[in-house]
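> next input, structure requested:
(chains A and B)
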Amino acid sequence: MTDRRVRVRFAPSPTGPLHIGGVRTALYNYLFAKKHGGDFVLRIEDTDQTRFVPGAEQYIIEALKWLGISPDEGIGFGDGKHAPYRQSERKPMYRQYAMQLLEAGHAYYAFDTPEDLEAMRERLKASNVDAKYDPITRSAMKNSLTLSEDEVKSRIENEEPYVIRFKMPRKEEVKFHDEIRGWVHVNTAQLDDKVLYKSDGMPTYHLANVVDDYLMETTHVIRGEEWLPSAPLHVLLYRAFGWEEVMPKFAHLPLLLKPEGNGKLSKRDGDRLGFPVFPLQWQDPTSGEVSSGYRESGYLPEAVLNLLALLGWNPGNNLEIMSLAQMIELFTLDRVSKHGAKFDQNKAKWFNQQYIRHTDNAVLAAELKKDVEAHQLSFSDDYILRACELIKEKITFVKELWTFGEYFFIAPTQFDAGVVAKRWNEKSPLVLADMITNIQALPEHGAIHIEEAYNAALVKNEVLGKDFLQLLRVCLTGVAGGPPLFEMAALFGKDETIARLQRALTTLNK
RNA sequence: GGCCCGUUCGUCUAUCGGUUAGGACAAGCGGUUUUCAUCCGCUAAAGAGGGGUUCGACUCCCCUACGGGCUACCA
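Prediction:
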C-alpha cells in the first residue's frame, strides 16, 4: 500500500466550463502528484448523459494546458494503460462490478417507479421521518429483497426498468481517515441505499468513481468537500468489493466561497462581482451567454495558479509568491486548511501585478505585439520590448500593456483636461518651444540629455520643475500618469518627441 | 428538518499549551518619486459565546451560536 506509486486524478463532469474551485482541485492534485513523483490523471465523469454540454470537455483540456498543469494521462493528454478515460466509454465494464455486488449480497435490484419513490417520500415526510430509501423503508418497496425470486426474474426478463441499489448496513459505525480532517465517523443509520447502477445502464458517480479509482490504481482521492458526505458510502463500497487493502486515501478540500454574503462560489457570481470564475472565457452553447475568463481578462496563468494555491493552503512560512516548482516542493496535504475560503479579488489583482513585473519582457512583448498589429501599426520588436519594460511596472493586467500603453504607438490628440487646466499658463508655450529647440540641438537623444534639455528650458523661463513635469507628460502621452517620462521620450525618438511637443503646443496654445 | 464538516484582524492565513497572537491583501496616514498608477514607512485591525481540563489555553474536551456542505436513477 505505502509502496505504491502515487496516482491521483482530477475527475470533472463535462457539464459546463471548469470553475476556479475545480481548477484549484486540479492544481492540488497536480502538486501532490509531482511532489511525490507520481501520476496525475484526467478522467471525464460523463455518466449523466442528460447534463452533457458540448465543448465542456475540450474547455477543461484547454484550461489545464493554459495553466500549465497538464495531466500525465487521460483525455486530451495521451492515453496511458488505463484507457479509456471517459466513463461513458467505460460503460460496459461497470456492469460486471454491479453484478459482483449483487451476487455478494451487497446490492439489490429495485423496480420502484419515480411515482413509487415520490409516494414513499410523501408518506414518510407526513410521519416526520427522514424520507430515504434505507434498510427500514426498503422492506416496503419493490425490490429483489421484497419480491419473490421468480418475480424478480420475470421483471428482468420482461425488460422492466430497474436500478441496482447498495444494500446499506442497518446500523454500523463507519470511520475513515481524511488526510485533511482526520478521523471522520458516520453511522450507516444516517445513510441510504444509494443507486449504483441506473436504469439507463450507466453507473452513478458512486459506482463509477470507486471502480475506476480501483482500476486506475488511484492512491489518493483529493476532491472537494461536497463529497465528504458520500465518502462513507465509498469506503463501504471498497469493502464490499474486497478492495480495502488498496483503498485510496481521502482528502476533502475546503470550498471556495463567495467574496460577499454566503454560500459557495458559483458560476453566476463572477461577472456579477466583476471578476472571472472561469479560467477561460466561455460561451454557453445554448443561451449564447458569455462568461469572462482569467486568460481573456489579462491574468497570467502563473498568477492564477499562485493565488489559487493560497486559497486553502499555505507553505507554513510567509512565502506568497511561489513558482509552480516551489509549490510542488512545499505542498503537503496537512497544510491544507479545513474551512472554506472567500475569494478576494484585490488579492487576485495583486498577485497578477506581481507576476507581470516578474515576467520576462519578451513574453509580455509577444502579447503587446498582437494588439499593435491588430491596430495595423508597425513597430520593431525592440521598440515593443522596451515599451513593455516601461509599462509593466504600472499595470495589473496583461491587456493593459495596450490600454495603458497605447500612446507608445499612437501620438495623443487629446490631453488630460484636469492637468491642463491646472498647469497650463502663459509660460507653458515658451517652455515647450524652448524644449523643442533644445532637443533639436541635442547630440544624442538619451533620457538624461532630454532631461537636460527640459531643465534648460525651465531655467530660461523661470519655471519650477514640479509645476511643469506632469504637464510635459500630458503633452507627450496625453495622460496624467505613467512610466518615467524621459525614458519614454528617449524611446519615442527625437523626431517623434519633437512632433508630439509641437502638436501639444499648437493644440493647447489657443 | 436530519447528518457531516468548520469557526484567529474586513479578506487569505501563521501559531501544532507558555508569543507584545506574526505575515499578506484591502483601508487610513505619512514619505519618496522635479509628475504619476510605481516604491518605502507607519497606524488601525482578530482568537464567536459559555463551561471544563491544566500551574497555564487561540491551541485539548463539552455545550450553544453561527457558517458551509450533503440529503436525486446529478456529479
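> count of residues packed around A:Ser323?
The burial count assigned to A:Ser323 is 12, neighbours taken as other Cβ atoms under 10 Å. Backbone N, C-alpha and C define where each C-beta goes, glycine included.
> where are the low-confidence patches of the stretch 1-150 of chain A?
In the prediction, the stretch 1-150 of chain A carries residues with pLDDT under 70 at positions A:1-2.
> one more: the stretch 251-400 of chain A?
Within the stretch 251-400 of chain A, the set of residues satisfying pLDDT under 70 comprises A:261.
> residues of it that sit close to RNA strand B?
Listed as neighbours of RNA strand B in the stretch 251-400 of chain A under the rule Cβ under 7 Å from any atom of the strand: A:254-255, A:257, A:259, A:262-264, A:310-312, A:314, A:316, A:318, A:320, A:335, A:337-342, A:344, A:346-347, A:349-350, A:353, A:393-394.
> what's the closest non-adjacent residue to A:Asp192?
A:Lys132 (3.9 Å; Cβ to Cβ, 6 or more residues apart in numbering).
> name the SS class of that neighbour, please.
When the structure is split into helix, strand and coil by DSSP: H, G, I helix; E, B strand; the rest coil, A:Lys132 lands in coil.
> what about it, distance to A:Leu191?
8 Å (Cβ to Cβ, to the nearest Å).
> what of A:Leu432?
As for A:Leu432, its distance to A:Leu191 is 81 Å (criterion: Cβ to Cβ).
> same check, this time on A:Arg7
For A:Arg7, the distance to A:Leu191 equals 28 Å [Cβ to Cβ].
> among the residues of the stretch 251-400 of chain A next to RNA strand B, which ones are in helices?
Among those, the subset assigned to helices under DSSP state H consists of A:Asn346, A:Lys347, A:Lys349, A:Trp350, A:Gln353.
> among the residues you listed, which ones are buried?
Burial by neighbour count, 16 or more other Cβ atoms under 10 Å: within those this picks out A:Lys349, A:Trp350, A:Gln353.
> return the backbone torsion pair for the residue lying closest to A:Arg43 once chain neighbours are set aside.
Excluding its sequence neighbours, the residue lying closest to A:Arg43 (Cβ to Cβ, 6+ apart) is A:Ala11, at 4.4 Å. A:Ala11 has phi and psi values of phi -130, psi 70 when expressed as degrees, to the nearest 10.
> which residues touch A:Ala11?
By Cβ atoms under 8 Å, 6 or more residues apart in numbering, the contact list for A:Ala11 reads A:Leu42, A:Arg43, A:Ile44, A:Glu45, A:Asn209, A:Asp212, A:Arg223.
> let me know the closest of these to A:Glu400.
When these are ranked by distance to A:Glu400 (Cβ to Cβ), A:Leu42 comes first, at 33.1 Å.
> pull the number of nearby residues for the closest residue in space to the closest one that isn't next to it in sequence.
Spatial nearest neighbour of A:Leu42, excluding adjacent residues (Cβ to Cβ, 6+ apart): A:Gly74 at 3.1 Å. A:Gly74 sits with 27 neighbouring residues when counted by other Cβ under 10 Å.
> cool, A:Gly478 as well?
Residues contacting A:Gly478 under the criterion other Cβ under 10 Å number 20.
> leaving out sequence neighbours, find the closest residue to it.
Closest residue to A:Gly478 apart from its sequence neighbours, by Cβ to Cβ, 6+ apart: A:Pro412 at 2.7 Å.
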